[in-house]
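Colleague: build me a model from this:
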Amino acid sequence: FGVTRNPYDLEKTCGGSSGGAGVALACGMMPIAQGSDFGGSLRNPAAWSNVAGFRNGVGRVPVWPGALGYTSLSVQGAMGRTVRDVALQLSAIAGPDPRVPSALPFPADVFRAPLERDLRGVRVAWSRDLGRYPVDAVITRVCDAQRSTFESIGCRVEEAEPDLRDADHIFQTVRAYSFAHRHETHLAENRHQLKATVIWNAEQGLQLTALDIARAEAMRTSLYQRVAAFFEHYDYLCTPTTQVPPFSIEQEYPTEINGQQLETYIDWMGLCYAITVTGCPSISVPCGFTPDGLPVGLQIVGPPHADVDVLQLAHAFEQATMFYRQKPQVALA
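Modeller: Sure, this is the predicted structure:
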């Protein structure tokens, strides 16, 4: 369908997969947007369009119809120019649904409550790279400059991150088998119409054994338990949303960061997809700009099912910084 350009620099990408939604929000074309998030498709484009994108907790927004009703990596969620707009949309689309096996039995009206709260004493874990991923130095500088914002609203901030070993293997395995399920017929009947990366990912899934998948699910269960234990000591985790700033529209995906070569086409999204694996709610909120004016997002993560808490801290950060008010200066043709 052609490319969607970043409104802050027309020669740069806006990210994806909900890149069009992020750009439309940034340019004032719509007040709210909705999309799905598997490995960062709501958070990544939100970061690069200077808007908010929320990957709500698993089961918070029911999806019907859906072929894989028990899966818990892909979720439907909301994007908006402000955190309050995200909460407003969730008040309409969240809630229980007896047709959806993963749907939570909590009503949507929790998202209509005020987002303001006293955050004094809240424990925030601050991580530049989740202890495992290369991050461009400019992203680190922009995000680190806002650590004091959390302290100014009363949070206790410490450098820490959960033990996310096996996150890459888990995500790659589950993504591969979901691609195989979705594209098996496409591969057989319309292979010539598929991107090389989609073909690769689907064929990776077709090569998996039942034991491969079971082992990945067992790893994910152990990872979840470690993350739950981590959140007994911290109320939130903050990381950059993306590992790189928006790159050239001519480049399909980054192949290296800080001189480190990346093995697959999704390795540059580790900060998002590692959080996907945990099942925890997470939001990208505007965090500032690179020296050449490109937006940077901060990812705020909460414990399992703490969706409202995540929105509350994100709202407080947003109101303390007001980065969302800096609109793009270019006109889209």
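Colleague: check for me that Glu11 belongs to a strand.
Modeller: Yes - counting by DSSP: H, G, I helix; E, B strand; the rest coil, Glu11 is located in a strand.
Colleague: so for it, what's the pLDDT?
Modeller: pLDDT, Glu11: 96.
Colleague: surely it touches Pro246?
Modeller: No - Glu11 lies out of contact with Pro246 (C-beta atoms under 8 Å); the separation is 9.3 Å. Any C-beta I mention is one placed from the backbone N, CA and C, and that applies to glycine too.
Colleague: more neighbours: which of the two?
Modeller: Pro246 (25 against 11; other C-beta atoms under 10 Å).
Colleague: next one: the more buried one from Arg99, what distance?
Modeller: Distance of Pro246 to Arg99, given as C-beta to C-beta, to the nearest Å: 39 Å.
Colleague: pull the contacting residues for the nearest residue to Pro101 once chain neighbours are set aside.
Modeller: Closest residue to Pro101 apart from its sequence neighbours, by C-beta to C-beta, 6 or more residues apart in numbering: Gly69 at 4.6 Å. Contact analysis of Gly69 by C-beta atoms under 8 Å, 6 or more residues apart in numbering lists Val63, Val100, Pro101, Ser102.
Colleague: Val308 too?
Modeller: Val110, Phe111, Ala113.
Colleague: give me the neighbour count for the last one.
Modeller: Going back to what we said before, that points to Ala113. 13.
Colleague: check the offset of stretch 194-211 from the chain's centre.
Modeller: Its chain's C-alpha centre and that of stretch 194-211 lie 23 Å apart, by C-alpha atoms, centre = their mean, to the nearest Å.
Colleague: would you mark the buried spots in it?
Modeller: Residues Val198, Ile199, Asn201, Ala202, Gln204, Gly205 are the ones in stretch 194-211 that count as buried (16 or more other C-beta atoms under 10 Å).
Colleague: got it, and stretch 22-35?
Modeller: Gly22, Val23, Ala24, Leu25, Ala26, Ile32, Ala33, Gln34, Gly35.
Colleague: any chance you could map the helices in the stretch 201-333 of the chain?
Modeller: 210-230, 270-278, 307-321 (DSSP state H, counting those that start in this stretch).
Colleague: let me know which of these is the nearest to Met79.
Modeller: Among the helices of the stretch 201-333 of the chain, the nearest to Met79 by C-beta to C-beta is helix 307-321 (12.7 Å).
Colleague: can I get the closest one in CSV? Just the C-alpha atoms.
Modeller: Output of helix 307-321 as CSV, limited to C-alpha atoms (Å, rounded to 0.1, in the frame of the first residue of the first chain):
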residue,chain,number,x,y,z
ASP,A,307,-3.7,-1.6,33.6
VAL,A,308,-5.2,1.4,35.4
ASP,A,309,-2.0,1.8,37.5
VAL,A,310,0.0,2.1,34.3
LEU,A,311,-2.3,4.7,32.9
GLN,A,312,-2.1,6.7,36.1
LEU,A,313,1.7,6.9,36.1
ALA,A,314,1.8,7.6,32.4
HIS,A,315,-0.7,10.4,32.8
ALA,A,316,1.3,12.0,35.6
PHE,A,317,4.5,11.8,33.5
GLU,A,318,2.7,13.2,30.5
GLN,A,319,1.3,16.1,32.5
ALA,A,320,4.6,16.8,34.1
THR,A,321,6.5,17.0,30.7
